[in-house]
Every structure is written in C-alpha cells, then in structure tokens.
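Trainee: Fold the following and give me the result.
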Amino acid sequence: MSSPRDQLLQTLAEATSQQPERIKLAEVQLKQWEVVPEFYITLLEIINDKSVDVNIRFFGVIFFKNGVDKYWRKTAKSTINPEEKAKIRSQLLSFMDESHNQLATQSAVLVSKIARIDFPNEWPDLLQNLLSIIHSTMNVNSAILIQKRAILTLHLVVKALCSKTFGPDRKMFEQIAPELLRNVASIYVEHTNRFFNMISTSNDIVNATDLETSLIALKSIRRLIVHGFQDISKVDETKAFFVLAFDHLQKFYTLRNSSQDTSSPIFELLDSKVNLIGKFYIELQKLRPISFIMTPGSRDVIHYYWQLLVMHKMATQPYGTEKILIQALLLLKGIIRKSSYNQDIKESEDLRISDAMKILEEQILTQSFVESFAELLISSYLILRKEDLVMWEEDPEGWVNFDEIDHWEYQIRPCAEKVFTDLITQCRDLLSPKILKLLENAALTQSDNLLVKDAIYCAVGLGSHELYDVLDFDSWLVNNLLIEAANNDPRQDWIDYIFIRVDEWDFDSDGFVPYLDRAITLLTRLIGEVEQFESRLKILNCLSLIVERMDSQIAPFSEKITNLLPTLWQVAQSEYLFKPAILVILTKLVQALWEQSVNLHEFIIPIIQYSVSPNTEEHVYLLEDGLDLWLAILENTVECTPLLFNLVPAAIGLLEFGSETLKRVLRIIESYILLVPEMIVQSYSIPIMDAFTRLFGDLRPEACRAIIYVIDVTLQACPFGLLKESIISTGLLGKLLNTIISVNEENPYVLVSYVSILARIIINDPVFFLHFITIASQQYNIQQEDLLKKVLETWLDKFDNIGHPKQRKLSAMAFATLIATTNSTILGFLAQFIGVWCDVLSEVKESGGGDALVYWQEEYVGKNEIDDSDASPETKRKRALLQRDPIHTTNLIHYINLKIGECEALNGGPEMFRQKYLSRVDNTLLDQLKGLMNV
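Mentor: Next comes the predicted model:
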C-alpha cells in the first residue's frame, strides 16, 4: 500500500487534471481527508517539494489557505491539533527561495493568515525570524530572491496584524510597531539609496530590483506608522520618515514624468511608488488629523499637492496623472473637514487641538486659499471634459446614469464635486458671496462659454444647502433654469426633481396626495419606455421612496405598482442589483399596507423562497433584502396562510449560516412564534431547538442573548407541555445547565440570560425542573443534590449581575416557586432566597396587580406608549404577550406569601417550618422581609 503522502500527491494530481469527473472525485476525497490528523503537514511538505509539478503545488497551497479559515482556530470543529500546528509553523518559512512568483505569493499569504491567529501567543518568534532572513541577505547578490520573498511575507503579516481591530490586538500592534519600523525603514532606505545612486551614475535604469524591494518595504511602513502610533508628531522615527517620504515623493514624481516609455515596468514601479506615498499621507491625515497637522513638514506636503492641482489642470494632465490629482483632492478634502479634528481628540485628549486648529485656520485655510481653491475647482475640475460631452451626445441616458454612480474616490470630476461640497460647507460665509457673483455673471454668458456656466450651476447645486438663505431658488428655477432647459428631454430631470422633493426631511405627504396618482402613472409608464438598466433602477428607487413616504396613503395605487413587478423580476435575470431593488419596494409596500398585504402573499412568498434559498445563484445578492421582506410580511399579517407557514423550514435552515444573517432569521422565527405559537411548536419545535443547541458556544455573547430571547418568547407564548420533550431531547436544556455550572468559562452577561430561561421553566413547572436535574446528575455522574446545589449557588452568586428589574423579579419568583417543596437542598438556601426577595421588593413598588412602569423599559412597546389602532399586527401581538407575562400580572408580595404558605403546609405547619428552617435565618433579614411584605 502506498504511503499517505503518495496517496495525497496522486489525489492532488487528479484535482488538477482537466477532466471534470476526476476533479470531482478528487475534491470529495480531499474533503474527507482534510479533517484527518497529519493531513495539513503532509500537504505542506508536498507544497514545499520543488520536484513536484508546480500546478499541483499551487493547487495545494490554495487548498491549505482555505483550510486555515476552516480548521486553524481552536474553536473550529475538527480543529488541527496543536502538535501538527507546531510542525507546520516550523516549516512555513522554507519557501523563501521559491522561483515561482504566484506560488511564493500564496505561500506568503498562507503565513499571514496563520500569523493573524497565532501571533504572538503561539508564534512569538515569527517577526524576528523574518527580520533575520532579511538582514542576513542584505548585500548578498545570490540571495536577492530570498530577501524579496521575506520582505513580501513581512508586509503581508503586518497587513494581517493591523487588520485586527479588537482592543488588545490593537495595543499589541502598537507595542511591536516601533521596533518593526526601525528595521523595515532601514531596509527601505538601503534599497532606495541604492536606486538613487544607480540613476545618478547612469541615465538608464537597467535594474529595478532595489525599486521593487523598497516598494514592498514602503507598504509595510505605511501600515506600521498609520496603525501603530497614536501620535506621530511626538516620535522621532515617524517624524523623520514623514519628511523623508516627502523628499522621495518629489524625486520619484520627477523621474516618473521624465520616463519616455509609460508601458515599461520601471514606469509602473515609479507610478506605484508615488501613489503609495500619497496613500500614506491620505490615510495618516484621515485617521490622525491633528497628529498630521502637528508633524513638521505637513504644510510642505499640503502645498505640494495643491501645486500639482494648479499645475495639471484638466486639459493639461500628463499621462496617468489623474490618480495623483485625485489623491491631491482627497488629501485636501480631509484637511478642510474640521469635524474630523474633533473626532480625533476623543481618542487622544493630550493632543493640542487648539494649536492644530490655529495652524489650520491661519496658515492653511486662509481666505485667499479658500477662494482660490473654489475658483480652481469650478474652472478646471467641475467642468465637463471632452469625453463627457461625447458620451452625453451619443448616450444621454447612459451618461446621466454613469454620472450618478458612487465612484467619486476613483473619478476626478465626482471627487472634485465632493471636495467642493465640503469646502462650501466649512467656509460658507467666505464663499457664498463669491458663488452668487459667479452665478450673476453666468446669466450673461454667451453660448461659447456654456461649459463654464454648467460648472457654475453644478457648484450652486452642490452648495444648495449652504446657499438656501442667500439665493431664491424658486425664482432662479422659473426665470433661468426652466427657460434654458425648455428644449431638452425632461424625463431624467423630472425623475430627479420628484425624488429630491419627496426625499426632503419636511416632506408633506398630505400635500402630495393630489399629485400621487399622476406621479405613479407616469413613473410606471416611464419604466417601460427607458432602455437602460440604470434608468429603470432609478425609477424603481423613486417609486420605492414615494411608497415609503406616503405610507398607508399609497394603498389605492398599490395595484399599479405590483402589476409592474412580476415582469421586472423576470427581465432582471442578469442584473443582480435590480432584484434587490424589487425586494426593497415590496418590503415598503407591505409595511404601508399592513393587514391588506395578505393580498400580496401569493406573489411575494415564492419570491421570498427564491431569494433566501442557498441553491440559487443570486442568493448572495438577495438574501438580506429577502429576509427583510419576509419579516415585513410576518409583522403585518393577521393570519398565517399555508404558503407563509411552508416557509418555516427555510428559516430553520438559515440558522446554520451563523452570525451574518442570524439576527434577522431569529426575528423571523420569533414572528412565527408570536403569530401561530402552537402550530410552530407542534410542527417544528425539535428542529428549532436542535439548531439553537448547536449554535450555542460558537457565537458572540450578543448572538447568544438573541437566541435566548427567542427561547424566552417561546416559553411565554406556547403551552409549556408542548415544549418539554424538545428542550430535553435536543440537549438545549443540558447545554444551558452546563454553561451555568461552568460559570468561569462563560461571559456573565450571557449567564444572566441563561438563568432567566431556568426561571421561566421553574415558574411553569418546578417538578419538571427537578426531574431534569435528576436526569442531568446521572449524565454528570454526580448526586442530584450536589448538582442542584451547584446550580443554585451559581445563580445566587451571579444575581447581582442581573440588571433589569423584570429579570430580577423573574429570579425572585423562581426562588419562591422552588420553596414549595420538602427538598432539604432547596430549603437550605432559604436565607439567600429571602435576601433576594428583600432586594427586589425594596427596589420596585408594584401596583396591586403586580405591574410597575420600570418593568416596561427596553421593551418593544411601552405600556401606555401607543394606541392599538396605530400599531402593526405584530406590535399588538407583542404587547398582548407582555401583558400576559407573569412579571406584569403577578404581585410579588402575594406570590411570596402564597409560596411560603405552601411550603409551611408541606413541612409540618408554620411552627415546624419555623423551627426547622426559619430559625437558621438571621432575625434582621426576617424582620426586613416582614416589613416589606406588610407594606
């Protein structure tokens, strides 16, 4: 029999063949093996074996990389064992002399993925090992390849580490950043100086190795400085590099522009170097705006980029300059946004914000600069270019749609529009008179200057929110714009006008009613006339907004809209953005129609089924909007039609998708339980509880709490007798119990919600609870009394973690329910129970019926908050459920009295009970309870 390595090698060869049948069989075999011990170390040995075909090795490293995502974390199912991981880590860096670029890059990515999980706890020497490889190969010509691979790997590891945003991870990165920066900066300087020395002795750049290596090092430096230092203006190394980078920016930009061959690798490297330094300054200013301003040399950087904008106007840009000019605009956009400086001070209160603002206002955003900047933007960057005019002439509908795509960070004119908007917002008083003067002059402009007039009109539109009190827009519209637009096709403008007016914050829906029929008729007709997908999408979004703002007033016109949608759904097969828009408008229609939306079920429910099915190609695009539509249907229906009920298995299946959609899916299951509790429990209790059981332990505390909430609603809404079997047979109750008694392994925040479920069960059926404890004690192989004692001790120990008064009352009621017994273990906790009762009774003064206003805080609906006539069907169901909750209907004083009486009767009467149990309780505590009970 061949060895495991040979078998794996043969299977990998099959997986890289060109025959689908062989590939499929190989993939099945690999899937079976990937959970077997020693699989990944064997796979790594094959990847590193240069005698193996490179295609097989490349496939292997991709497979390994995907396996890290599935099996490397300790919490993963079938996780790779620690011994195998240690072997893997010891061999991961052996690819440094790999000659195949793509294979080496993927191997470096593999190292970074594992480093993100294991560094520093499991792999503390990773960075030092990489630095050692790099330093040992400096000035060694035969080791250039090894050095390049090591620097690339270091860059990817730094990139992975700085992507971890959790507090301790960020702090760890800041601790390692200074030493790493010193090492990587020395590597960068060494190779950059070599490059400059080379070109100083020769006009031709014959060797790009130093340039390429320094570029990779610069990528690491950018992330180290941006993410590894709170204030670069106070650290010598970061201040020095800030100035050095500016010097290099000027030199590389000059070299780039002097390059004759713009398609050469050298030009691409120089261009990448200039763009990377620009990205460094932009990110630094965005994340650390005060620190950026306070760093020596920052004003030189700002002035340099400003001069680039002045020098290279739209008509005079050298090849490939647009990206650099966009960076200049982005940097200046960040500089002029004064609000960002206030955000930065919250994180670094020791920074001198007053000094930074003084520099900003007195040395950068001066009146002359602001006016010059506005003039430059209008005259050179908001103006339409030749290619804009050609596209407008050939395809006006397409040009308008392209112009509205949100790509402003990558296109120079949209970017300039965003910058101008920020500029006039920040400098309104300075610019308003100037814009009005330009507008007056534009009215006199002749036809040969129409592009300038268009740019001025664009500026007025962008600044409309700042000009509203100095410009009479209605008069300008009637006397100027309508006259000028009289000979143009008004459809696009009309749609925009409707959208803007309906989207206003003070929109008057009653005032729009007389125009509603006409607007809906025209929009539904127009959507059939336009040809481009983007135009249809714009019209659909306009309709969607009208439905949302008109709410129930849209009901008489809903049929016109819904009649459109089946055809649009069918023709949108290849447009993945269009179907979500249909789902959105359907959701808004359902929310507007409330109970009447049941008439749409026959059309909508198959669409929901399609949208949420993992088997459809478009599932990834439709899932979230499909879930929103599903939830809206449930919230606004008064009956569960067979079609709607048949969707329940799909919701249960979606629980397996985890945290991304879990919140919505849980809301959907909760809605079903509120709508038809007994039908759900009788048909699907076991699969639902089984899914919950499997989810516990693999989710964040917030997600666990969300599941617990649904279980809590289920216990309130359904007859408890229908739930007994499912919560035991699925292991749900056992998992909750195990979590409670293993308190040190669980977040106290989650534990509090777990004990609330026990409290509900005890109040419903204390005998069932004790029966379950007996079953569980047999599984744990301990005495029933010991397990019961452990549960109660943990519960009482964590009682002070319970914050909400209603949850505290729930525990108090559960303890009162438990004492109606002869069980000596339970009654041994009587003093602690009395302490809890005293705490709860002294905190809240209940009404005679047992309710209190504080119990309604943080609920979906307040007790007297809304009129039922204005509530959705589900809101009414939730409110009705809350009003039946024992927390709101049980007077705690009466309940405790009742249960004490039952306990006395079971334990030989009041005198016997007092002698046997109450005598052990401190008299002060008893007196306090008596005082509270007699209020």
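
Trainee: For T316, give me the pLDDT.
Mentor: Looking at T316, its pLDDT is 50.

Trainee: That should have said P20, apologies.
Mentor: 88.

Trainee: Same check on T295?
Mentor: pLDDT, T295: 93.

Trainee: Next up, the contacts around it.
Mentor: 232-233, 238-239, 242 (CB atoms under 8 Å, 6 or more residues apart in numbering). (Each C-beta comes from the backbone N, C-alpha and C, glycine too.)

Trainee: And this protein, split by domain according to the record?
Mentor: Domain ranges of the chain: 1-163, 191-296, 298-339+348-464, 803-934, per the TED database.

Trainee: mind checking how far the third one is from the chain centre?
Mentor: Yep, that's domain 298-339+348-464 we're talking about. 31 Å (CA atoms, centre = their mean, to the nearest Å).

Trainee: what does the first one give?
Mentor: In terms of CA atoms, centre = their mean, the gap separating the centre of domain 1-163 from the centre of its chain is 29 Å.

Trainee: And stretch 779-786, by the same measure?
Mentor: 44 Å.

Trainee: that older thread, want to try a markdown table for the contacts of T295, with pLDDT as columns?
Mentor: Below are the contacts of T295 laid out as a markdown table (pLDDT from 0 to 100):
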| residue | pLDDT |
| --- | --- |
| I232 | 92 |
| S233 | 91 |
| T238 | 95 |
| K239 | 95 |
| F242 | 96 |
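
Trainee: Sort out for me which of these are in helices.
Mentor: Among the contacts of T295, the residues falling in helices (DSSP state H) are 238-239, 242.

Trainee: for those residues, which one is nearest E911?
Mentor: Checking the ones in helices among the contacts of T295 against E911 by CB to CB gives T238 as the nearest, at 80.2 Å.

Trainee: Verify the stated contact: the closest one with L181.
Mentor: Yes. Between T238 and L181 there is a contact under CB atoms under 8 Å: 7.4 Å.

Trainee: and which of the contacts of T295 is nearest G731?
Mentor: I232 (53.7 Å).

Trainee: quick one: L255 and Q307, what's the gap?
Mentor: Going from L255 to Q307 by CB to CB, to the nearest Å gives 18 Å.

Trainee: which one of these two has more residues nearby?
Mentor: L255 (19 against 11; other CB atoms under 10 Å).

Trainee: Ranking helices and strands of the chain by mean pLDDT, which lands last?
Mentor: Least confident helix or strand, the chain: helix 339-347 with a mean of 54, by mean pLDDT, DSSP states H and E.

Trainee: Now the element after that one, going C-ward?
Mentor: helix 353-359 (DSSP states H and E).

Trainee: now for whichever helix or strand comes after that next one, which elements pack on it?
Mentor: Later in the chain than helix 353-359, the nearest helix or strand by DSSP H and E is helix 367-376. For helix 367-376, the packing partners by 3 or more CB pairs under 8 Å, 6 or more residues apart in numbering; DSSP states H and E come out as helix 298-311, helix 412-426, helix 428-443.

Trainee: what residues does helix 367-376 touch?
Mentor: Under CB under 8 Å, 6+ apart, the answer for helix 367-376 is 306, 309-310, 313, 332, 420, 423-424, 427, 430-431, 434-435, 459.

Trainee: still on that earlier bit, what about the domains of the chain, which gets the closest to A703?
Mentor: domain 1-163 (13.7 Å).

Trainee: how many other residues sit next to F829?
Mentor: Residues near F829, counting by other CB under 10 Å: 20.

Trainee: typo on my end, N781
Mentor: 6.

Trainee: Would you quantify the distance from the closest residue to K251 other than its chain neighbours to T822?
Mentor: Nearest non-adjacent residue to K251, counting by CB to CB, 6 or more residues apart in numbering: F196, 7.2 Å away. In this view, F196 and T822 are 91 Å apart by CB to CB.

Trainee: The two - which one has more neighbours?
Mentor: F196 (15 against 10).

Trainee: quick revisit: same list, the ones in helices among the contacts of T295, but as CSV with distance to Q19 and neighbour count please.
Mentor: Shown next, in CSV, are the ones in helices among the contacts of T295 (distance: CB to CB, whole Å; neighbours: other CB atoms under 10 Å):
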residue, distance to Q19, neighbour count
T238, 56, 24
K239, 61, 16
F242, 57, 23
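
Trainee: Could I get the full set of helices for the stretch 501-650 of the chain?
Mentor: 509-529, 533-550, 558-571, 578-593, 601-612, 619-635, 642-645, 648-654 (DSSP state H, counting those that start in this stretch).

Trainee: where does the stretch 151-300 of the chain dip in pLDDT?
Mentor: For the stretch 151-300 of the chain, the stretches flagged by pLDDT under 70 are 202-207.

Trainee: what does the stretch 501-650 of the chain give?
Mentor: 501, 573-574.

Trainee: Repeat the analysis, applying 90 as the threshold.
Mentor: For the stretch 501-650 of the chain, applying pLDDT under 90 flags the ranges 501-542, 551-552, 555-578, 594-600, 614-621.

Trainee: between the host helix or strand of E268 and helix 298-311, how many degrees?
Mentor: Using DSSP H and E, E268 falls within helix 265-287. Using axes from the mean of the first three to the mean of the last three CA atoms, to 10 degrees, the direction of helix 265-287 lies 120 degrees away from that of helix 298-311.

Trainee: In terms of secondary structure, what does whichever helix or strand comes after helix 265-287 contact?
Mentor: In the C-terminal direction, the helix or strand that comes right after helix 265-287 (DSSP H and E) is helix 289-294. Judged by 3+ CB pairs under 8 Å, 6+ apart, helix 289-294 is in contact with helix 265-287, helix 322-336, helix 339-347, helix 353-359.

Trainee: what residues does the second one touch?
Mentor: Which is helix 322-336. So helix 322-336 is contacted by 253, 274-275, 278-279, 281-282, 285-286, 289, 293, 301-302, 305-306, 308-309, 312, 317, 340, 360, 364-365, 373, 381, 409-412, 415-416, 418-419, 422-423, 426-427 (CB under 8 Å, 6+ apart).

Trainee: So what touches stretch 59-67?
Mentor: 12, 15-16, 30, 34, 40, 43-44, 46-47, 103, 106-107, 109-110, 113.

Trainee: I misspoke; the intended subject was stretch 665-680.
Mentor: So stretch 665-680 is contacted by 627, 630-631, 634-635, 637, 640, 645, 648, 651-652, 654-655, 657, 681, 688, 706-707, 709-710, 713-714, 717-719, 722, 874, 877-878, 881 (CB under 8 Å, 6+ apart).

Trainee: any idea of the mean pLDDT for that stretch?
Mentor: 95.

Trainee: Please shift the residue numbers so they start at 55 in all later answers.
Mentor: Let's use 55 as the start, then, which means that last one is stretch 719-734.

Trainee: With only the CA atoms kept, save it in CSV.
Mentor: Presented in CSV, the C-alpha positions along stretch 719-734 are these (Å, rounded to 0.1, in the frame of the first residue of the first chain):
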residue,chain,number,x,y,z
VAL,A,719,-33.5,34.9,11.0
LEU,A,720,-34.1,34.9,14.7
ARG,A,721,-36.6,37.8,14.3
ILE,A,722,-38.4,35.8,11.7
ILE,A,723,-38.7,32.7,13.9
GLU,A,724,-39.9,35.0,16.8
SER,A,725,-42.5,36.4,14.5
TYR,A,726,-43.8,33.0,13.6
ILE,A,727,-44.0,32.1,17.3
LEU,A,728,-45.9,35.2,18.1
LEU,A,729,-48.3,34.6,15.1
VAL,A,730,-49.0,30.9,15.5
PRO,A,731,-47.2,29.6,18.6
GLU,A,732,-48.9,26.2,18.9
MET,A,733,-48.6,25.4,15.2
ILE,A,734,-44.9,26.2,15.3
